[in-house]
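Q: Sequence and predicted structure below; questions after.
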Amino acid sequence: MSTTTSHTPEAGGSVEGAARPGRLIRNEATTEIPVHLLFRDDPGPGPEPVPPRPAAVGLRRGTGEQPRPCRPPVARPEPAVRPDPDLVERPARVLPGAAGVLAGVCGVAGCLATSWWAGVLPSLAVVALRLPAHPGAGPGPAQWAAYAAAGALGLFGFGGLARGRTGRAWVLGLFGRYRGTVRRTGLVWVNPLVLRRRVDVRLRHWRSEPVPAADGSGLALRVVTLVVWRVRDTARATLGVEDHERYLRECVEAALARVPVQAPGGARGAAEATGEALTRLVAADAEPVGLEVFSVRAVRVEYAPEVAEAMHRRRIAALDAQRRASALTSVVDSVEDTVTRLTARGLVELDDYERKALVRDLTVAFCAGRGEAGP
């Protein structure tokens, strides 16, 4: 008995319509629905709504192109050291030394004239200077005022004299403010009220202590560097850095942490490339503070104490292996040459077994002879 099951389509539809998926509406933007909302059984309160994604840009409808979220622009990092634009070296206002000498002489002459005016100049000085006698009754208010003016003029004249030298400069400051730099040579007059700081602007060499570094494989090293430098901007170098050599040492340590150093016994070309990289990094770090770096070279490279013994044993083992390989190559060449000559001249006729035995005996004999002779 067979039973036939008939499928009755529901009202308002057909079998073909139920099996065929509904068509999607084109050229329409859809909204994303969180996954946890698709499997809810009850319409109870759900979790907090998911915040919408960033707005999409560049979406063209009907093309199937995926929306691309807007990304905030990436800000470029600012340089670590930014020089002060107001702190730049500029020439200070100074006068020739003759002006200071003239002011000092005038001050001394004023003091003598005031003493003669007050009648306190000794008679001997009056006779020596051929001055007429002045019956003064002693210094009064006018004389004291003249003394003060002449003394101040003499102090300012002689107190501001200075001698400039080649390769030296003065950085002037007044009440904590930079007033300029004096690079002139010879006798000059500088305001005696300003504070003078002598700066050496000649070319200098600085040799560092052993600084920790690493090679390309991360092996610990100790490097002694030689830095050739000078002060280029006296204002920034004096007022921006307290100790120049200490600052250079820190710059060299920072550069060695970023540049791999060639291990001892490496190629010369690699050492030159390392020196150029160190010079470039240290010069870039020292430029904002008024220092000019010409070269940074590693004058001595050695292994760190914790790995020096192991690397020494490794080097000895490598040299020994190289010596043994060279000796074995020499022995094999000698044996081959001997067997070839014996067979080529017809002195002996050897089959394979005899040839192998002869090669073995000659190899042992040559190796024993080299062992007795030493390396």
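A: That came through fine.

Q: Mind telling me what element Leu347 is part of?
A: Under the criterion DSSP states H and E, no helix or strand holds Leu347.

Q: What count of nearby residues applies to it?
A: Burial of Leu347 is recorded as 8 neighbouring residues (other C-beta atoms under 10 Å). C-beta: built from backbone N, CA, C; applies to glycine.

Q: Ser217 now?
A: 7.

Q: which parts of the host helix or strand of Leu281 are buried?
A: Per DSSP H and E: Leu281 is located in helix 268-286. Neighbour counts over helix 268-286 (16 or more other C-beta atoms under 10 Å) mark 274-275, 277-279, 281-283, 285-286 as buried.

Q: And the following helix or strand past it, what's buried?
A: Beyond helix 268-286 on the C-terminal side, the first helix or strand identified by DSSP H and E is strand 291-303. Residues of strand 291-303 classed as buried: 291-293, 295-298, 301, 303 (neighbour count, 16+ other C-beta under 10 Å).

Q: next one: phi and psi at the residue nearest to Asn191 when sequence neighbours are not counted?
A: Take Asn191 and drop its neighbours on the chain: the residue closest to it by C-beta to C-beta, 6 or more residues apart in numbering is Gly160, 6.0 Å away. Here is the backbone geometry of Gly160 (degrees, to the nearest 10): phi -90, psi 0.

Q: Need the buried residues of helix 268-286 in JSON lines (columns: pLDDT and distance to Gly104).
A: Putting the buried residues of helix 268-286 into JSON lines (pLDDT from 0 to 100; distance: C-beta to C-beta, whole Å) gives the following:
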{"residue": "Thr274", "pLDDT": "89", "distance to Gly104": "58"}
{"residue": "Gly275", "pLDDT": "90", "distance to Gly104": "54"}
{"residue": "Ala277", "pLDDT": "93", "distance to Gly104": "56"}
{"residue": "Leu278", "pLDDT": "93", "distance to Gly104": "52"}
{"residue": "Thr279", "pLDDT": "94", "distance to Gly104": "49"}
{"residue": "Leu281", "pLDDT": "94", "distance to Gly104": "52"}
{"residue": "Val282", "pLDDT": "95", "distance to Gly104": "47"}
{"residue": "Ala283", "pLDDT": "94", "distance to Gly104": "46"}
{"residue": "Asp285", "pLDDT": "93", "distance to Gly104": "46"}
{"residue": "Ala286", "pLDDT": "94", "distance to Gly104": "42"}
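
Q: Tell me the one among those nearest to Gly107.
A: Ala286 (45.6 Å; C-beta to C-beta).

Q: my guess is that closest one contacts Val293, does it?
A: Yes. Taking C-beta atoms under 8 Å as the definition, Ala286 is a contact partner of Val293 at 5.1 Å.
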